[in-house]
Structures are given as structure tokens and as C-alpha cells.
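requesting a structural model of the entry that follows:
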Amino acid sequence: MKKLYPLLFVLLVGMYSCQEVITVNLNSISAKLVVEGNVNNMPGPYTIKLSTTTNYFGPAGTNPLSGAKVVIADNAGNADTLHEATPGNYLTSTLKGTIGSTYYLTITSSGKTYTAWSTMPDTVQIDSVSYSLRPAGRPGSGSLPSYVVTLSFTDPPALGNNYGFRLFHNGVLLDDIVDNRVINDKFINGNAQHYRLRNSALLIGDSVQVDLVCFDKNAFDFYNTLKGTLTAGGPFSAPPSNPTTNITNGALGTFGAYAYRSRKFQLQ
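Below you'll find the model as predicted:
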């Protein structure tokens with residue numbers, strides 16, 4: 001029996017070591033400003049939404065940033081100090097979005113200043129919009145027949161155009177730019193394009209609006225990297241990085257000057 005004591009001692013030590021608790025120290029980080037907003041060629045007011053990031057174990061949801069000073073100026077010398085309509089949402093009063101103008105955003109909060117700028121490109125004409133019925137039961141069509149909407153346009157001869165797409169259903173935004181693919185004209189320059197927008201909510205009799213959105217390279221880079229961040233995953237994927245931003249001083253998000261063309265119709 002004496003020979004068993006050392007063995008029992010080893011087993012007990014091993015069992016104890018298996019119960020050791022490992023504590024991972026998740027360091028807190030300073031909150032960062034998040035900016036969402038644009039100026040466009042549609043009538044204002046235009047909205048700049050400000051919020052701050054939270055720690056991993058912080059409260060869920062967004063943290064609206066109130067009390068900031070937000071100014072948008074253009075290259076013609078016009079400036080508009082935005083008013084805070086609701087917590088974190090700042091609206092313009094006099095600014096008018098104009099094709100070809102450059103807009104400068106300045107945000108001052110807690111002793112820090114953040115800036116961004118963007119030039120509004122020209123719009124691109126929508127050649128046509130068509131739609132086709134998708135039978136019920138097809139992948140992505142749901143239990144009822146739905147529609148696929150096809151937006152056709154021709155990219156201008158000059159390089160440097162960037163596009164996003166928006167879909168409205170019965171007057172309500174259904175798919176925003178980030179919900180659809182963004183494209184540039186690197187490989188399609190000067191050619192006709194046909195872009196399909198699918199959503200199982202589109203049914204007979206519905207009112208539909210599609211937007212062809214033109215923006216600068218900064219906005220394209222933001223949406224392109226944002227989509228990569230949102231779709232990142234898998235056991236061997238690298239940790240996602242923050243989307244590319246044009247906001248200075250370590251802020252996240254984007255500020256842009258967008259140009260829209262729209263078509264409205266009713267599904268029949």
C-alpha cells in the first residue's frame with residue numbers, strides 16, 4: 001500500500017490543477033466618436049448622427065453624443081451650424097447640396113476637433129428600371145411570389161465613378177447602401193450596367209423607389225470595407241478591422257457628399 005501513496009498524490013495534484021480558473025483581462029478603451037451623415041443633391045435638412053463606442057462588456061446599443069458643435073461649410077463660403085434635434089442627431093438649417101461643391105465638416109466635442117471633407121460628384125442618368133416576378137418557394141423569395149427589380153444605367157467615359165443603391169418599399173427605406181453591393185468603374189468604365197435588387201417583401205401592388213447613388217472614393221472605401229467587416233466570420237478568420245474612414249483625429253464612420261437619381265413605380 002505504501003507504494004500507492006505517491007501515485008495518489010500525483011493524481012490529486014493533477015485533478016486540482018485541472019480546476020484552475022484562468023482570468024482574461026479585457027482592458028477598457030477610451031470611447032471613440034462615430035460619425036454618420038451626408039450632404040446630397042436633394043432638399044435638406046441633412047442629418048449628422050454622432051455617437052460613441054462602448055467597451056465589450058458595456059451596455060448594449062448606441063451612445064448618442066449630445067452637446068457637440070457641428071458645422072458644415074462649402075467652398076463658396078457658406079456655413080451652417082447644425083442644431084441638435086434629438087440626442088445625437090444634428091440637422092442643417094440653411095445648407096443646400098449642389099453638384100460639384102465641396103463640403104467641410106467640423107465637429108467639436110470635449111475639447112477635441114474632428115474634420116472631414118467631400119466633393120459631390122455629378123449624377124448618372126438611370127436608363128431604365130424593370131422588374132420580373134419570382135415564383136414562391138424559390139430561394140430567397142419566401143412563401144409568396146415576389147419581385148426582382150433591375151436598374152440599368154451607363155457609366156460615363158471618365159474614370160472615377162462610384163455607385164451605391166437604395167430601395168424603398170411603400171415609402172419606407174427597405175435596403176440602404178450598406179445592404180447592397182457597392183461598385184466602382186475600375187472594370188466597367190463607359191459600359192452599360194444592369195443591377196438587380198432582390199427582396200422578398202416586394203409584392204404585387206407595392207410602391208417601389210430605387211436610388212442610384214454616386215459618391216467619392218472615400219465613401220466607396222468606407223462602404224466596401226464596412227461590408228467586409230459585417231460579413232467577416234469563421235473559425236480561422238482574422239479579427240475584423242474598423243472600416244476605412246475620412247474623419248480625422250481617430251473618429252470612426254464617414255461623412256460624404258452624395259448625388260442621387262431616383263425612379264418610382266408600382267409593381268403590377
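
use CA for all of it now, contacts and neighbours both
Fine.

what comes up buried for the longest strand anywhere in the chain?
The single longest strand within the chain, with elements called by DSSP state E, is strand 252-266. By neighbour count on 16 or more other Cα atoms under 10 Å, the buried set for strand 252-266 is 252-261.

cool, and stretch 45-57?
Buried-residue list, stretch 45-57, by 16+ other Cα under 10 Å: 45-54.

what two of the residues you listed have the greatest distance between them?
Spanning the widest gap among the buried residues of stretch 45-57 are Pro45 and Thr54, at 29.0 Å by Cα to Cα.

circling back to that earlier point, list just the nearest of the buried residues of strand 252-266 to Val148.
Nearest member of the buried residues of strand 252-266 to Val148, counting by Cα to Cα, is Arg261, at 19.3 Å.

what pairs with the closest one across the strands?
Going by DSSP bridges, Arg261 is paired in beta bridges with Leu212.

ok, it to Asp122 distance?
For Arg261, the distance to Asp122 equals 10 Å [Cα to Cα, to the nearest Å].

what angle sits between whichever helix or strand Glu36 is part of and strand 252-266?
Glu36 is part of strand 33-40 when elements are defined by DSSP states H and E. Interaxial angle, strand 33-40 versus strand 252-266 (axes from the mean of the first three to the mean of the last three Cα atoms, to 10 degrees): 40 degrees.

each with direction, which strands does strand 33-40 pair with?
Paired strands of strand 33-40, with direction, are strand 47-52 (antiparallel), strand 252-266 (parallel) (DSSP bridges).

so which residues of the stretch 1-150 of the chain form helices?
4-18 (DSSP state H, counting those that start in this stretch).

so where is it shaky, pLDDT-wise?
Scanning the stretch 1-150 of the chain for pLDDT under 70 picks out the ranges 1-29, 55-62, 137-143.

what segments of it are strands?
Listed in chain order, the strands of the stretch 1-150 of the chain (DSSP state E, counting those that start in this stretch) span 33-40, 47-52, 63-64, 69-74, 79-81, 83-86, 89-91, 102-109, 112-119, 126-134, 146-154.

Gly164 is nearest to which of those strands?
Comparing the strands of the stretch 1-150 of the chain by Cα to Cα, strand 146-154 comes nearest, at 11.7 Å.

which elements pack onto that closest one?
Strand 146-154 sits against strand 126-134, strand 192-199, with contacts defined as 3 or more Cα pairs under 8 Å, 6 or more residues apart in numbering; DSSP states H and E.

report the angle between the very next helix or strand once past that strand and strand 192-199.
As assigned by DSSP H and E, the chain's next helix or strand after strand 146-154 is strand 162-169. Angle, strand 162-169 to strand 192-199, by the same axes, to 10 degrees: 40 degrees.

relative to whichever helix or strand comes after strand 162-169, what are the paired strands and their orientations?
Next in sequence after strand 162-169, counting helices and strands by DSSP H and E, comes strand 172-175. Paired neighbours of strand 172-175 in the sheet (DSSP bridges): strand 162-169 (antiparallel).

ok, residues contacting the strand it pairs with?
173-177, 180-185, 197, 202, 206-217, 220 (Cα atoms under 8 Å, 6 or more residues apart in numbering).

which residues touch the residue nearest to Asp211 when sequence neighbours are not counted?
The spatially closest residue to Asp211, leaving aside those adjacent along the chain, is Ser262, at 4.5 Å (Cα to Cα, 6 or more residues apart in numbering). With contact taken as Cα under 8 Å, 6+ apart, Ser262 is in contact with 126, 209-212.

try Leu203
145-147, 267.

what's the burial count for Lys112?
8 (other Cα atoms under 10 Å).

excluding sequence neighbours, find me the nearest residue to Asn40.
Nearest to Asn40 is Tyr258, by Cα to Cα, 6+ apart, at 4.6 Å.

hmm, back to that, of the contacts of Ser262, buried ones?
Here, 16+ other Cα under 10 Å leaves 126, 209-212 buried among these.

many thanks, I have nothing further to ask.
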